[in-house]
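*Asks:* model this:
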Amino acid sequence: MIQVWKLKVFCLVFALCLATGAAYGQTHALGDTLTVIQKPLLNIPAIVAPGGTLEISCDAPPGTTGWAVYLERDGFQISLALDFAVYDPATEWWVLLATMPEVPAFDMYDLRVTADGGIDDVTWQAVKVQAAFPDDFYFVHITDTHLPTYLYYDQAGAETDSSNTISLRHITNDVNIVNPAFVLLTGDFIHEGELEDFLERRYYSRGQRQLREFDVPVFLTAGNHDVGGWNDTPPPDGTARRDWWRFFGWKRLDDPPAAAPERTQNYSFDYGPVHFTGLEAYDNYDNWRSEYYGWESFTAAQMSWLAADVSASDRATKVLFTHHDFDNELNLNALGLDMCLAGHVHSDNEDYSHPYDITTDNAGGTNRPWRLVRYTNGQLSTQPSLSAGYDGETLTVDYQPANDGSHDDVSVVIDNDYNQTFEYGQVKVVMPGSASAFVVTGGVLSRVDSSGDHAVCYIDVNIPANTVHTVTVSVDSTSAVGDDLPGARPRLGIHPNPFNPRTEIAFTLETPSTCRLTIFDLKGRELAVLAEGRLAEGRHTYTWQALDNRGQALPSGIYFAGLRAGDYSETRKLTLVR
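*Replies:* Prediction:
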C-alpha cells in the first residue's frame, strides 16, 4: 500500500509540475543521457598518449557496421584510426580500439562515435590526451559535494539554493590551476538522487554540467545520496539508482549479462605505476531489490570483484577510492592495497601509516576542502586537506590586461596562499591567432594550440607556496615561424619531442655569446650540462641521449632544456617516453 500511495503522489506532483512549468525549475535542460557510448565517459574518462590505444565500449546491435571514432574540442574534429571493432555477445557490448594521433593540445576532448544505421553519439570530456605518463605526479581527492544544496526538496529555498554548487566551483577553479593528473570524486555527488525528473529539478543534469568545468579528468563513484533513494520522497523506489544508470552508467546493471554479472558500478584504471580502483557504495534506504543490494554496500559480488581486480594488477602501487565502508568489510592489508580514499563522515581522517586509510572533509562545506595526494619516488604521500576559502580566495589568478586573445602582452598573476608548492601547475593564455612565436617568463611554454581563431599557450608553472608568482607571455615579433632563424633570438629547437632516447637540441646565435645549455627535472635539479662557454655565431646542435652527468639513463618523464645566451634565457619542455 505504501508503494502505491507513493506512486500516486508522484504522478499527481509530476502532473502539477508539467502544468506549472518554470515554477518548478523546468528551465533546467536535460543532460547527456547514455545511449551508445558506455566507456569512456565524463565520469569514467580515458587518459591516452599519442600513439597509444583508446578503448571504447558501445551498446549497439550485434550487426552494426561502419564504425568511426572522433575527438572533438571547440569545433575542431580529429579522426582516429580504428584498429579493431568486435561485438562481444557475452558482455553485450561492442569493443572498439583506436590509435591516438598527435593532437593540437594536450587537454580534454569530447568523444564522438558514429556507425551505419544512424548511430551518432557524443560523450562530453571523455578523453584526456597527454604527452606521456610520468613516474611522479599528484592527484586530487574530493568527496561529498551534495549538489546543488544540502536542503531537501520540500524545504524552503531548496529550489533556488545553489550554495554547494558555488563551493565546488571554488574548488574547481583551484584544481584547474594546480593541474593534477586527475580528480577522484568519491560519492554523494548529488544530494538527492531522485530529483532528476521529479519537479524538473534536473540534479544529475546540472551535476554533469558542473563536472565539465574541470580542465582535468574526473573519476566519479556513487555514494548513498546518489543511489540510495529515500522512502519519504514521492518518486518510486529505485529511481535514484536508475537515474544514475541513465547519466553515469550503465543500464545493463539492471539485468546484467552472464559475463558481466555485477549490479553495481565498479571500475579501475592505471596511471603510470599506480592502479586505481573505484567501488560503488550505498545505503539502500528505499530497500529496492534487497535480494541483490541488501541494506548497504558492499555486496559479496563487489568484494569478489575487488579482490580479483587488485590481484590481477601488475602495478607496484594500488589505490582504492569509494564513498564509505558501511559494514567495515575492507581489509586493506589482506587486499594488497596501499591506500583507501573515502568520504561520507564529513571530516578529515588522517592516517600516516601504511596502508593509508583516509577520509576527506565534505566539499560542500563552507571551507571548500580538497586533498592533494602525491606519488613521488614510488611512494604515496598525503597531507591534511586544503581549504579553497569561503570566497575562493586562497588561490587566485588575475590576467592583465585580459585573457581574451586581443593583447600581445599578457601577465598572469598567481597569488598562492596555500602552504604547498604546486610543481605541476598550468595556465592557459589566449593570444592573437596571427602570432607565430611567443616569449614566456615565469613558466615553460609546453604547447601552443592554433586550431581555433586564437593561439592558446599552455604554460607549465611551478607555483611556490605562500607566494605571488607572475607569468608573462608576449608575442615574439623578432621571430618568424620556425624553431630558430639567423638574426633572431636563439630560440631552442628540439626534435623529436617526445623522444626515446635520443633528441637533438639546436639554436642559432647572431653573434658570439657566452652560453650554457642544461637539462633539469621538474624539481629544478640540474641533470646534465650539454654546452658551457663562449660559442661562435651560427647554428649549434647538441644530441642528448637521456643520460645524466654520470652517464646514467633517466626514466620516462618530463624534463626541461634551459639555454642562457648572453642576457637571453629560454626554457623548453622535453618528454622522454621509454
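
*Asks:* going forward, measure contacts and count neighbours with C-alpha atoms only.
*Replies:* Noted.

*Asks:* Low-confidence ranges, the stretch 1-150 of the chain, go.
*Replies:* The stretch 1-150 of the chain contains residues with pLDDT under 70 at 1-28.

*Asks:* which residues in it form helices?
*Replies:* 2-20 (DSSP state H, counting those that start in this stretch).

*Asks:* Now do the strands in it.
*Replies:* 37-39, 46-48, 53-58, 68-73, 76-88, 93-99, 108-115, 119-129, 137-142 (DSSP state E, counting those that start in this stretch).

*Asks:* Would you format those as TSV with distance to Tyr152 and mean neighbour count included?
*Replies:* Converted to TSV, the strands of the stretch 1-150 of the chain look like this (distance: least, C-alpha to C-alpha, whole Å; neighbours: other C-alpha atoms under 10 Å):
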stretch	distance to Tyr152	mean neighbour count
strand 37-39	31	22
strand 46-48	34	23
strand 53-58	36	19
strand 68-73	37	19
strand 76-88	41	15
strand 93-99	37	20
strand 108-115	33	21
strand 119-129	29	21
strand 137-142	22	22
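
*Asks:* For the ones you listed, give me a markdown table that also has distance to Val427.
*Replies:* Listed next are the strands of the stretch 1-150 of the chain as a markdown table, based on distance: least, C-alpha to C-alpha, whole Å:
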| stretch | distance to Val427 |
| --- | --- |
| strand 37-39 | 29 |
| strand 46-48 | 20 |
| strand 53-58 | 27 |
| strand 68-73 | 18 |
| strand 76-88 | 21 |
| strand 93-99 | 28 |
| strand 108-115 | 15 |
| strand 119-129 | 17 |
| strand 137-142 | 17 |
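
*Asks:* which one of these lies closest to Tyr568?
*Replies:* Proximity to Tyr568 (C-alpha to C-alpha) singles out strand 137-142 among the strands of the stretch 1-150 of the chain, at 30.8 Å.

*Asks:* Next secondary structure after that closest one?
*Replies:* Tracing the chain past strand 137-142, the next element assigned as helix or strand by DSSP states H and E is helix 163-178.

*Asks:* quick one: average confidence on that following helix?
*Replies:* For helix 163-178, the mean pLDDT works out to 98.

*Asks:* which other residues reach the helix or strand just after that helix?
*Replies:* Downstream of helix 163-178, the first helix or strand assigned by DSSP H and E is strand 183-186. Residues from elsewhere that reach strand 183-186 (C-alpha atoms under 8 Å, 6 or more residues apart in numbering): 139-144, 216-223, 321-323, 341-343.

*Asks:* then strand 183-186 to PDB, C-alphas only?
*Replies:* The C-alpha trace of strand 183-186 is given here as PDB (Å, rounded to 0.1, in the frame of the first residue of the first chain):
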ATOM      1  CA  VAL A 183      40.500  14.100  -9.600                       C
ATOM      2  CA  LEU A 184      38.900  11.200  -7.600                       C
ATOM      3  CA  LEU A 185      35.400  12.200  -6.500                       C
ATOM      4  CA  THR A 186      34.000   9.700  -4.000                       C
END
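
*Asks:* other SSEs contacting the very next helix or strand once past it?
*Replies:* Under the assignment DSSP H and E, the closest C-terminal helix or strand after strand 183-186 is helix 203-211. For helix 203-211, the elements it packs on are helix 239-248, judged by 3 or more C-alpha pairs under 8 Å, 6 or more residues apart in numbering; DSSP states H and E.

*Asks:* the helices in the stretch 201-350 of the chain, which residues?
*Replies:* 203-211, 224-227, 239-248, 290-293, 300-312, 332-335.

*Asks:* quick one, the first one and helix 163-178 angle?
*Replies:* Relative orientation of helix 203-211 and helix 163-178, computed by axes from the mean of the first three to the mean of the last three C-alpha atoms, to 10 degrees: 30 degrees.

*Asks:* rewinding a little: of the contacts of strand 183-186, which count as buried by neighbour count?
*Replies:* Those of those that meet the buried threshold are 139-144, 216-223, 321-323, 341-343, by 16 or more other C-alpha atoms under 10 Å.

*Asks:* Restricted to strands, list the residues you listed.
*Replies:* Among these, the ones falling in strands (DSSP state E) are 139-142, 218-221, 321-322, 341-342.

*Asks:* so Tyr204 makes contact with Gly31?
*Replies:* Yes: with contact defined as C-alpha atoms under 8 Å, Tyr204 reaches Gly31; the gap is 7.4 Å.

*Asks:* quick one: which of the strands of the stretch 1-150 of the chain is nearest Gly392?
*Replies:* strand 137-142 (15.6 Å).

*Asks:* Tell me which strands the closest one pairs with, and in which orientation.
*Replies:* strand 183-186 (parallel), strand 369-376 (antiparallel) (DSSP bridges).

*Asks:* and of those strands, who's closest to Val95?
*Replies:* Nearest to Val95, of all those, is strand 183-186, at 25.4 Å by C-alpha to C-alpha.

*Asks:* Tell me which residues of that closest one come out buried.
*Replies:* 183-186.

*Asks:* And for stretch 512-523?
*Replies:* Across stretch 512-523, burial judged by 16+ other C-alpha under 10 Å covers 513, 515-522.

*Asks:* Out of those residues, list just those in strands.
*Replies:* Among these, the ones falling in strands (DSSP E) are 513, 515-521.

*Asks:* Adding distance to Ser556 and pLDDT, write the residues you listed out as a markdown table.
*Replies:* Converted to a markdown table, those look like this (distance: C-alpha to C-alpha, whole Å; pLDDT from 0 to 100):
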| residue | distance to Ser556 | pLDDT |
| --- | --- | --- |
| Ser513 | 33 | 90 |
| Cys515 | 27 | 92 |
| Arg516 | 24 | 90 |
| Leu517 | 21 | 93 |
| Thr518 | 18 | 92 |
| Ile519 | 14 | 91 |
| Phe520 | 14 | 84 |
| Asp521 | 11 | 78 |
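
*Asks:* shaky segments in the stretch 351-500 of the chain?
*Replies:* Low-confidence segments of the stretch 351-500 of the chain (pLDDT under 70): 478-490.

*Asks:* now the strands for it?
*Replies:* Using DSSP E, counting those that start in this stretch, strands in the stretch 351-500 of the chain cover 356-359, 369-376, 379-382, 386-387, 395-400, 409-416, 422-431, 438-441, 444-449, 455-463, 467-475, 493-495.

*Asks:* could I get the ones you listed as CSV with distance to Arg242 and mean neighbour count?
*Replies:* Formatted as CSV, the strands of the stretch 351-500 of the chain follow (distance: least, C-alpha to C-alpha, whole Å; neighbours: other C-alpha under 10 Å):
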stretch, distance to Arg242, mean neighbour count
strand 356-359, 27, 21
strand 369-376, 29, 20
strand 379-382, 35, 16
strand 386-387, 34, 21
strand 395-400, 38, 16
strand 409-416, 42, 20
strand 422-431, 38, 21
strand 438-441, 50, 19
strand 444-449, 40, 20
strand 455-463, 40, 22
strand 467-475, 47, 18
strand 493-495, 51, 17
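
*Asks:* how about those strands in a markdown table, adding distance to Glu92?
*Replies:* Output for those, formatted as a markdown table (distance: least, C-alpha to C-alpha, whole Å):
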| stretch | distance to Glu92 |
| --- | --- |
| strand 356-359 | 36 |
| strand 369-376 | 37 |
| strand 379-382 | 38 |
| strand 386-387 | 43 |
| strand 395-400 | 47 |
| strand 409-416 | 49 |
| strand 422-431 | 41 |
| strand 438-441 | 51 |
| strand 444-449 | 39 |
| strand 455-463 | 41 |
| strand 467-475 | 51 |
| strand 493-495 | 45 |
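
*Asks:* Of all these, which one comes closest to Glu296?
*Replies:* Here strand 356-359 is closest among the strands of the stretch 351-500 of the chain (C-alpha to C-alpha), at 18.9 Å.

*Asks:* Can you show me the CA trace of that closest one as CSV?
*Replies:* C-alpha atoms of strand 356-359 as CSV (Å, rounded to 0.1, in the frame of the first residue of the first chain):
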residue,chain,number,x,y,z
TYR,A,356,46.7,4.6,4.4
ASP,A,357,43.0,4.7,5.3
ILE,A,358,42.0,8.3,4.7
THR,A,359,38.7,10.3,4.6
